[in-house]
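Asker: Starting from these lines, generate the structure:
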Amino acid sequence: MEPQKPSPRSPQPEGCLTVAIRVPLRIVALVLVVPVRMAWDALVATGRLVRDTVLRPVGRALLRVGEALFVRPFVGLWRHVLVPVGRALAWLGAVLVVVPALWCHRHLLTPAGHALARLARYLLVVPARWLYDRVLAPLGRAVARCARGLGRLLAVIGTGIGVALYWTLRVLLVLPAVALWRRVLAPVGRVLAVVAREAGDALGHAWRIAGRISRVVGRALGTLFRWIFVEPLRRVYRTVLTPVGHLVRDAVLRPAAEGARVAGRAVREALAGARQTVRQARADVRRMLFGESRQPAAVDRREPHGPATRTLGSSTTALTKD
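Answerer: Model (predicted):
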């Protein structure tokens, strides 16, 4: 059989005091919290913007600068200077201090300690044990018996005094305090608890409503900004600036670019003609000063024609002549 689930408790009816406290508190909390919530949302948005646009890039830059200026030099100093120096000092300490100390402990201090322990046993331990067994132990037992008897007597006296003080304090302090708590403090505390709970609920309710109001106001301001600035600018861009830009591009920029290309082509052709003229003038001057230069004799490097031409089917050697 499945275990029976407990039935949900029915909500207890609220008193008129709770309702009378709740409504004014919620109204006052709403009036006070709405500006605070709107200012809080504005600060949160500003903080996120500053964090994303300023603090994070600056933080990354400072991190890289700190790594370059401090971390890497310290790591290099640690790896290449401090660690070798530390190992050298540790080796020197082991050689100069630890090994002599171990030798001194093994060969000097340990035998001396053993000798002193045999002397202390016979000079101190044995007499002290005899003194404890013969004198101090019997004396301590006698003192303990006396202390136990005195303790029992003091316990009886203290119990009587404690009972008397208990009833005196109960009659003079506890009973009036209990009556004050039950008759005065508990009812006042319940009222204050109701007021505090309703105040907390009212603040939470007002904070949520203020958040909704803040979102609505933000959306309204965004819509107004879009209607007042963004949409007119977009329309001006689409209806004025874009046609003007196309007109300027088609009527001014393209003809100017074409003219610049034609002018550049003409300039290049003029420069090429000027270079050719200069080259021809230099050749004329050289010819006038030094005369005509000797032209090398033309050598015909082609294969010979006629019967002297070699082919795959003929040969001029003595072995292959017909």
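Asker: just for this protein, where's the confidence low?
Answerer: Across the chain, the ranges flagged by pLDDT under 70 are 1-22, 25, 289-322.
Asker: number of nearby residues for V194?
Answerer: 16 (other C-beta atoms under 10 Å). (C-beta placed from N, C-alpha, C; glycine too.)
Asker: Please report how far it lies from P24.
Answerer: 13 Å (C-beta to C-beta, to the nearest Å).
Asker: Number of residues surrounding A263?
Answerer: A263 has 10 nearby residues by other C-beta under 10 Å.
Asker: Distance check, it against L253.
Answerer: Taken as C-beta to C-beta, the span from A263 to L253 is 15 Å.
Asker: Check V36 too.
Answerer: Distance from V36 to L253, by C-beta to C-beta: 56 Å.
Asker: How about L136?
Answerer: Distance from L136 to L253, by C-beta to C-beta: 119 Å.
Asker: what's the answer for V217, then?
Answerer: The separation that V217 has from L253, given C-beta to C-beta, amounts to 47 Å.
Asker: Ok, L185 next?
Answerer: L185 is 90 Å from L253, by C-beta to C-beta.
Asker: Kindly report the same for L221.
Answerer: 41 Å.
Asker: and what of R279?
Answerer: R279 is 38 Å from L253, by C-beta to C-beta.
Asker: Over to F225?
Answerer: From F225 to L253 the distance is 34 Å (C-beta to C-beta).
Asker: ditto for R219
Answerer: According to C-beta to C-beta, R219 and L253 sit 43 Å apart.
Asker: Which parts of the chain are helices?
Answerer: 16-50, 56-66, 72-77, 83-93, 99-104, 110-120, 126-131, 137-169, 175-180, 186-225, 231-236, 242-248, 254-290 (DSSP state H).
Asker: Report all helices and strands that the first one contacts.
Answerer: This means helix 16-50. On a contact count with 3 or more C-beta pairs under 8 Å, 6 or more residues apart in numbering; DSSP states H and E, helix 16-50 meets helix 186-225.
Asker: Give the buried residues for the helix it packs on.
Answerer: Across helix 186-225, burial judged by 16 or more other C-beta atoms under 10 Å covers 194, 198-199, 202-203, 205-207, 209-211, 213-214.
Asker: how distant is that helix from the center of its chain?
Answerer: 34 Å (C-alpha atoms, centre = their mean, to the nearest Å).
Asker: what do you get for stretch 119-133?
Answerer: On C-alpha atoms, centre = their mean, the centre of stretch 119-133 falls 69 Å from the chain's centre.
Asker: Just the residues contacting that stretch, thanks.
Answerer: Under the contact criterion C-beta atoms under 8 Å, 6 or more residues apart in numbering, stretch 119-133 has no outside partners.
Asker: Extract the C-alpha trace of it and format it as PDB.
Answerer: Output in PDB follows, covering the C-alpha atoms of stretch 119-133 (Å, rounded to 0.1, in the frame of the first residue of the first chain):
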ATOM      1  CA  LEU A 119      74.800   9.300  37.200                       C
ATOM      2  CA  ALA A 120      71.400  11.100  37.400                       C
ATOM      3  CA  ARG A 121      69.600   7.800  38.100                       C
ATOM      4  CA  TYR A 122      71.800   7.000  41.100                       C
ATOM      5  CA  LEU A 123      72.100  10.500  42.400                       C
ATOM      6  CA  LEU A 124      68.500  11.800  41.900                       C
ATOM      7  CA  VAL A 125      66.000   9.100  40.800                       C
ATOM      8  CA  VAL A 126      66.600   6.500  43.500                       C
ATOM      9  CA  PRO A 127      66.600   9.100  46.400                       C
ATOM     10  CA  ALA A 128      63.500  10.800  45.000                       C
ATOM     11  CA  ARG A 129      61.600   7.500  44.700                       C
ATOM     12  CA  TRP A 130      62.500   6.500  48.300                       C
ATOM     13  CA  LEU A 131      61.400  10.000  49.500                       C
ATOM     14  CA  TYR A 132      58.100   9.600  47.600                       C
ATOM     15  CA  ASP A 133      57.400   6.100  48.900                       C
END
